[in-house]
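# predicted model and sequence below, questions to follow.
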Amino acid sequence: MGTGGHSLSICKKLSSKGRLICLDRDPEAVKLSSKRLALQTIRVDVIQANYADLDVILKEKNIPKVDGVLLDLGMSTFQLEHSGRGFSFKADEPLDMRMNPYDRKTAFDLVNKKSQKEIAWILKNYGEEKRAKLIAGSIAQARRKQPIKTSLQLANIIAEVIPRTYSPRKRHPATKSFQALRIAINQELNNFQTFLAKIPLLMAQEGRLVILSYHSLEDRLGKKSMATWERPCTCPPDFPRCVCGKRPLFKRLFKKGIKAENKEIAENPKARSAILRAAERI
Ligand SMILES: C[S@@+](CC[C@H](N)C(=O)[O-])C[C@H]1O[C@@H](n2cnc3c(N)ncnc32)[C@H](O)[C@@H]1O
């Protein structure tokens, strides 16, 4: 749900019988969007929840299946720029990065308490950061002198070992590390995988699933699931006919992920990294 931009647009398209269930794990998002969505004429449920628990939420609401799901992954502009939780390397904020402030572990805990090896693993696997070991080494060195308490402190430690010119498209050298820490703290890939395992059973015939992702780790997971749902047969290719009996669950609406056009990127630069994939339940 975030700050409710997509939700408002969906409300405008629904008939008077329509119902929209909006989820976000961030209580601030729930507060902001509840106000924004309050005046809608259709029924809107705004719920603070993890989308990986969609099955539980639908059961509580007595909704067996849904006709559409939009999953807009990652963090919101609000979280990045106004939450004060250290998601951005541009501001000097406490190193927190929890989308749900009731979760236990913060980015401070991870950066200051995990072993150098574990930090390198996180940076490599969740940030696809090629210089993961180098960065983890300099984090370990810096925290021996004093705890790393803020986002800017961490960004400067990373920038000191990685000159800006080495970053692709001259992005800030801490971009990938911040992504990695955020993913680790919020268990983003685990949640997405849990959701992908559950969603086929939660969607009505012809229901549409739309996934917006912002980096290749997420996009790969969505793409792989959609391809498997479309062709689930696990029989060896030389079998004359299918004996595994697995039937397609979804058909993809586009074979490739859709990217924003230049005009949209000019209006909304954050759309640059967005990839949209969509499939219809069959
Ligand atoms: C890109 S933003 C959504 C923006 C939204 N579409 C809008 O129009 O404002 C992603 C949102 O997903 C939320 N989020 C991330 N992981 C979540 C999870 N596992 N369960 C629920 N919400 C999650 C974040 O807190 C964030 O607000």
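It's in. Numbers count the residues shown, from 1 in each chain.

# who's in contact with Trp229?
Pro200, Pro248, Leu249, Phe250, Ala279 (CB atoms under 8 Å, 6 or more residues apart in numbering). Heads up, the C-betas are built off the backbone N, CA and C, glycines and all.

# tell me how far it lies from Pro200.
Here the criterion is CB to CB, to the nearest Å. By it, Trp229 lies 7 Å from Pro200.

# roughly how far does Thr150 sit from Asn156?
On the measure of CB to CB, Thr150 and Asn156 end up 9 Å apart.

# same check on Cys242?
Distance, Cys242 to Asn156, by CB to CB: 57 Å.

# those two - which one has more neighbours?
Higher neighbour count among Cys242 and Asn156: Asn156, with 15 against 12, using other CB atoms under 10 Å.

# from Asn156, how far off is Ile57?
41 Å.

# please flag which of the contacts of Trp229 sit within helices.
Pro200 (DSSP state H).

# ranges for the helices of the stretch 101-250 of the chain?
107-113, 116-127, 132-145, 151-161, 175-186, 188-202, 216-230 (DSSP state H, counting those that start in this stretch).

# return only those of the contacts of Trp229 found close to the ligand.
Among the contacts of Trp229, none lies close to the ligand by the criterion of CB under 6 Å from any ligand atom.

# list the contacts for whichever residue of the chain sits closest to the ligand?
Nearest residue of the chain to the ligand, counting by CB to the nearest ligand atom: Gly2, 2.4 Å away. Listed by CB under 8 Å, 6+ apart, the contact set of Gly2 reads Asp24, Ala29, Ser33, Asp72, Ser76, Thr77, Phe78.

# contact residues of the protein facing the ligand?
So far as CB under 6 Å from any ligand atom goes, the chain lies against the ligand at 1-6, 23-26, 29, 50-52, 72, 74-76, 79, 99, 186, 191.

# what subset of the residues you listed is buried?
1-4, 23-26, 29, 50-52, 72, 74-76, 79, 99, 186, 191 (16 or more other CB atoms under 10 Å).

# let's see which of the residues you listed end up in helices.
The helices, defined by DSSP H, take in Ala29, Gln79, Asn186, Asn191 from those.

# distance check, His172 against Ile10.
For His172, the distance to Ile10 equals 33 Å [CB to CB].

# what do you get for Glu261?
From Glu261 to Ile10 the distance is 22 Å (CB to CB).

# of those two, which one has the most company?
Ile10 (18 against 9).

# got a list of contacts for whichever helix or strand the more buried one is part of?
According to DSSP states H and E, Ile10 maps onto helix 5-13. Residues outside helix 5-13 that contact it (CB under 8 Å, 6+ apart) are Met1, Gly18, Leu20, Cys22, Ser33, Arg36, Leu37, Gln40, Ile42, Val44, Leu70, Asp72.

# if you set the cut-off to 6 Å instead, what comes out?
Here helix 5-13 makes contact (CB atoms under 6 Å, 6 or more residues apart in numbering) with Met1, Leu20, Cys22, Leu37, Gln40, Ile42, Leu70, Asp72.

# with pLDDT added, can I get those in JSON lines?
Supplementary listing: the contacts of helix 5-13 in JSON lines, determined by pLDDT from 0 to 100:
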{"residue": "Met1", "pLDDT": "97"}
{"residue": "Leu20", "pLDDT": "97"}
{"residue": "Cys22", "pLDDT": "98"}
{"residue": "Leu37", "pLDDT": "92"}
{"residue": "Gln40", "pLDDT": "84"}
{"residue": "Ile42", "pLDDT": "91"}
{"residue": "Leu70", "pLDDT": "98"}
{"residue": "Asp72", "pLDDT": "98"}
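
# most neighbours among these, please name it.
Met1 (29 neighbours).

# ok so, going back, closest one to Leu217 out of the contacts of Gly2, please.
For the contacts of Gly2, the closest approach to Leu217 (CB to CB) belongs to Asp72, at 16.1 Å.

# for that closest one, which non-adjacent residue is closest in space?
What sits nearest to Asp72 in space, not counting adjacent residues and going by CB to CB, 6 or more residues apart in numbering, is Leu212, at 4.6 Å.

# one more: His172?
Phe89 (5.8 Å).
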